[in-house]
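here is my input, please return the structure:
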Amino acid sequence: GLKLGYQTHISTIEVNFSSSTFLRNITLSPEADSYNVTITPLVSGYVTSDLGNVLENVTIQLGNSTTTTNSLGYYSFRPSLTLGQHPIIATKLFYDNYYAILNFSSNTTNVTHNIMMIYSTLNYEFVTGPYTENNDDDGKYNKKPNPEVISRAEDFWVSTKEIRKEVRQNTFIEETIGLYNFKTTNMDLIFTLSPEIKSFIELDKSALSVNPDSFTNLVLTIYGTKPLGVYNGTLTIAGDLDLVIPIIITIVEKKFPVEVLLSEIDLFNNIVQPGENLKYKLSLQNLLRDQSYKVSLKSVIKDSEGVVYNVEEYDSEIQNSLTLLKEINIPANVSEGEYVLEIEARYLNLLSRSTASFIVSRPIYLYSFFGIPLWVMIMIISFLSFVSLNFLLYRKYEERKKRYRVEVDYATLPRPGEKVVKLGLVAESKHPAYYELERLTTHAIVAGATGMGKSISAQVIIEEALMNDIAVIVFDPTAQWSGMLRKCDDKKMMSFYSKFGLKESDARGFKGNVRQVVNARQIIDINKHINPGQIQIFSLNKLDPKDIDFFIANVIRQVFKSDPKESPTLKVLVVFDEVHRLLSKFGGSGEGFLQIERACREFRKWGIGVMLISQVLNDFVGEIKANINTEVQTRTLEESDLERIKTKYGEGFLKSLVRAEVGVAMFQNAEYNRGRPYFINFRPILHSTRRLPDEELEKYNRYNDLVDDLADQMLQLEKEGIDIFDLKMELKLIKDKIMSGSFSVVEIYLEGLKPRIEKEWEKLGKKPKPRLLELANEADVKKAVEDAKKEREKVIVKDLVNNSSEKEKGLDERNKEKVGNFVEKKVENNFKKEGLKTKEIPNIVDSKLIKKAKDALNK
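Modelled structure (predicted):
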């Protein structure tokens, strides 16, 4: 079935001689897509036969459009089509129909499709009885005569001028004569057969009336009941016509071979159960090529002694061959044993039989063991097997669906306790992921590509630290961390709260301050900014990359210079964001990085933790990994990092990391999961996802400067012997209000505090000295960097000596060169272990350092 906008419907029907009417309903489904989009492509091509000859007047149909081929076998037309697949159909008398599917898209403008048609081997003769001979024109008339007839100016037309037929004895044939009336009035006709043939030829009507410009048919039935021979006669048409049609009938002998029908039975199953149907295929082959006939079939089920258990009868008509798929019921009361299916075929007063044996057997599951029916036992075993199999398949499906195919030993992961915080969930599980904050004294590094959840992972750890009264100091080159001071109002972020057991009311901002650094030499007194549970953010976005390098080096120098006290617990967490910018390949000088490396070695004893946040990890992990115990790696596009992960942890971790979702990170700590990494789905953050507006940041900077000026004036008053206790308390309130962002209250407090300080100066009759920004001496910072280099040299030499053999530790003159070569070799090998190439070693340990390492080793 074909219709524009509907899917093509194709089905097959079986045509036989026992039925002349077929009922087949067709349901056309509308096209799901592109129904309203039509195209008119140019479709063309050639049509040839299977012998290579061009075919003209071939009807080509595509969609609702039709065309025919010309004398060269060429066709071309533009059908209107919807997008998708459409069948192209070619038809021509005496050739098999051609069918193919063409695919059309919105880009299709021209389609060339050549067609090859195969000459049909079907017999186009119309068989009306059990026997017929070659008949080029049976006289049947159902269309208007051709123009040649009309041109003779005749007012009637008869389809045949002579009837010459051959009939086998005791059979019959039919002959149809077509009549057409060209008159404008009715044509009345009377039909008469001559006496010689009237006894064995019958007319379906003896008279009729043909309407103007219409046609009708006269049917003759010729019976082969006469003796063998040739019979001549005539059919006279009288009335409004005067016409005689000669009739010559030859009666021939009816002879059959000894066996004219071959039959064969094929059983679908040789073993059946009582009460079931025996299914079989019956193949019949007619050896009479020129005769079709009716066959009466009888199927019989009987045992070896001839006892009949079931009989079924049915008729069919056969022309050349016939295949029947049948089934016959086996009675439920038959006993087990061997039986026979016998099929008897009666046709043309002949009889043929075919048989097939089969076995009736009761199924084994009907037996019982220990009083329990076998089928019950089978059902129980099948059910258990089904449940087990489905469980295994489900486990396999879940395992295959997993993004993170890593083993997690939950017994080795931290459990809830003091200063043990929940970072989220172990990826693809409901197990909480806990972390011991005291592990931050051995420092942490968070790495990953932009937009993959690197900052979120780090900020979750920092939020937990703040909620456990740990001070946090952030050095922010991007000015993005100011959102920590306000609570989250991002609906998308808050939509994930319920998954982690959070409520919207849990959203909160954190107490703290944000300061803009405008001079790289500015000295930051870390001790002044260490306040438990508070975050201090230093924005470095207005500094050049080299100035940031210098500033970081100076900050760490100030920490060492402040002579901090040792602490067994974590007091403060120092966060360096975008730390990769300190590397030379990203524009840094390396000075700040040397100081960070030194900080990672020595800050632990003072209860100071360091967190590094970077887009890349491989470029510096070889220098600091021994002093960093917690590694958080989100999805990355950096090839060197991917190669390092593959080399260090295996390809499985690499594939899992590449498939990691945003917010899921690979987490590694030597004390957890037996040192193997695992994946954590970090919880959503509680603070705002957006940085503070520039106007608000400007208020922080302005009020911080005012407070710093007032604090400096108060120190000067104290040196003058003025009691400033009340002033200090009021200034402390102002600082608290700045950290909570209550600037309107800050303004009110300042309006009262400033006049009081001014009055104190008026009483003294003096003016305060202006506050000067304390700047670091560049030479002092350079000296600190050199000290860091020396410390690194000592560490490298110490590691090399500790890892060398006793023989290589010999320090006499004979071994100096050997030891020197060993140092070079060891340094190279150690860096190779970290995934660094030999050519990269000079970037990290230059030849001068190697020489100094040799000298230090010799001393």
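
how many neighbours does the spatially closest residue to residue 789 that is not a sequence neighbour have?
If you skip the residues right next to it in sequence, residue 789 has residue 594 as its closest partner in space, 6.2 Å away by C-beta to C-beta, 6 or more residues apart in numbering. Glycine gets a C-beta too; all of them are placed from N, C-alpha and C. Neighbours of residue 594 under the rule other C-beta atoms under 10 Å: 24.

likewise for residue 438?
Going by other C-beta under 10 Å, the residues that sit close to residue 438 add up to 16.

and it, that's in a helix?
Yes. With the criterion set as DSSP: H, G, I helix; E, B strand; the rest coil, the secondary structure at residue 438 is a helix.

now do the contacts for it.
With contact set as C-beta atoms under 8 Å, 6 or more residues apart in numbering, residue 438 has these partners: 419, 569, 570.

switch to 10 Å and redo it
In this structure, residue 438 makes contact with 418, 419, 420, 470, 568, 569, 570, 607, 609, judged by C-beta atoms under 10 Å, 6 or more residues apart in numbering.

what of residue 211?
Taking C-beta under 10 Å, 6+ apart as the definition of contact, the neighbours of residue 211 are 181, 183, 185, 186, 187.

which one of those is nearest to residue 216?
Each of the contacts of residue 211 was scored against residue 216 by C-beta to C-beta, and residue 181 proved nearest at 8.3 Å.

the closest one: neighbour count?
22.

what do you get for residue 102?
If we define neighbours as other C-beta under 10 Å, then residue 102 has 17 of them.

ok, which stretches of the stretch 601-750 of the chain are strands?
Using DSSP state E, counting those that start in this stretch, the strands of the stretch 601-750 of the chain run over residues 608-614, 630-633, 664-669, 678-682.

tell me the helix or strand right after whichever helix or strand residue 536 is part of.
When secondary structure is defined using DSSP states H and E, the element that contains residue 536 is strand 535-539. Heading C-terminal from strand 535-539, the first helix or strand you meet, by DSSP H and E, is helix 545-561.

who does that following helix touch, helix- and strand-wise?
In this structure, helix 545-561 makes packing contacts with strand 471-476, strand 572-576, helix 591-602, helix 778-803, judged by 3 or more C-beta pairs under 10 Å, 6 or more residues apart in numbering; DSSP states H and E.

residue 391 - that's part of a strand, no?
No. Counting by three-state DSSP, residue 391 is located in no strand; its state is helix.

can you find the helix or strand in the protein with the smallest mean pLDDT?
In the chain, the helix or strand scored least confidently by mean pLDDT, DSSP states H and E is helix 841-844, which has a mean of 42.

inside strands: which ones of the contacts of residue 211?
Among these, DSSP state E puts 181, 187 in strands.

dump the contacts of residue 211 to JSON lines, plus pLDDT and distance to residue 665.
JSON lines is the format used below for the contacts of residue 211 (pLDDT from 0 to 100; distance: C-beta to C-beta, whole Å):
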{"residue": "181", "pLDDT": "89", "distance to residue 665": "96"}
{"residue": "183", "pLDDT": "86", "distance to residue 665": "99"}
{"residue": "185", "pLDDT": "90", "distance to residue 665": "101"}
{"residue": "186", "pLDDT": "90", "distance to residue 665": "99"}
{"residue": "187", "pLDDT": "91", "distance to residue 665": "99"}
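
for ChimeraX, what selects the buried ones among the contacts of residue 211?
In ChimeraX, selecting the buried portion of the contacts of residue 211, with burial taken from 16 or more other C-beta atoms under 10 Å, looks like this:
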select :181,187
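
what's the most distant pair in the contacts of residue 211?
The most distant members of those, if one measures by C-beta to C-beta, are 181 and 185, lying 8.6 Å apart.

so what's in contact with the two at the same time?
Here residue 181 and residue 185 have 155, 211, 212, 240 as joint contacts, going by C-beta under 10 Å, 6+ apart.

PyMOL command to pick out the buried ones of those residues?
The command below creates a PyMOL selection of those among these that count as buried (16+ other C-beta under 10 Å):
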select buried, resi 240
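
could you tell me the angle between the host helix or strand of residue 458 and strand 678-682?
When elements are defined using DSSP H and E, residue 458 is found to belong to helix 454-467. Interaxial angle of helix 454-467 relative to strand 678-682 (axes from the mean of the first three to the mean of the last three C-alpha atoms, to 10 degrees): 70 degrees.
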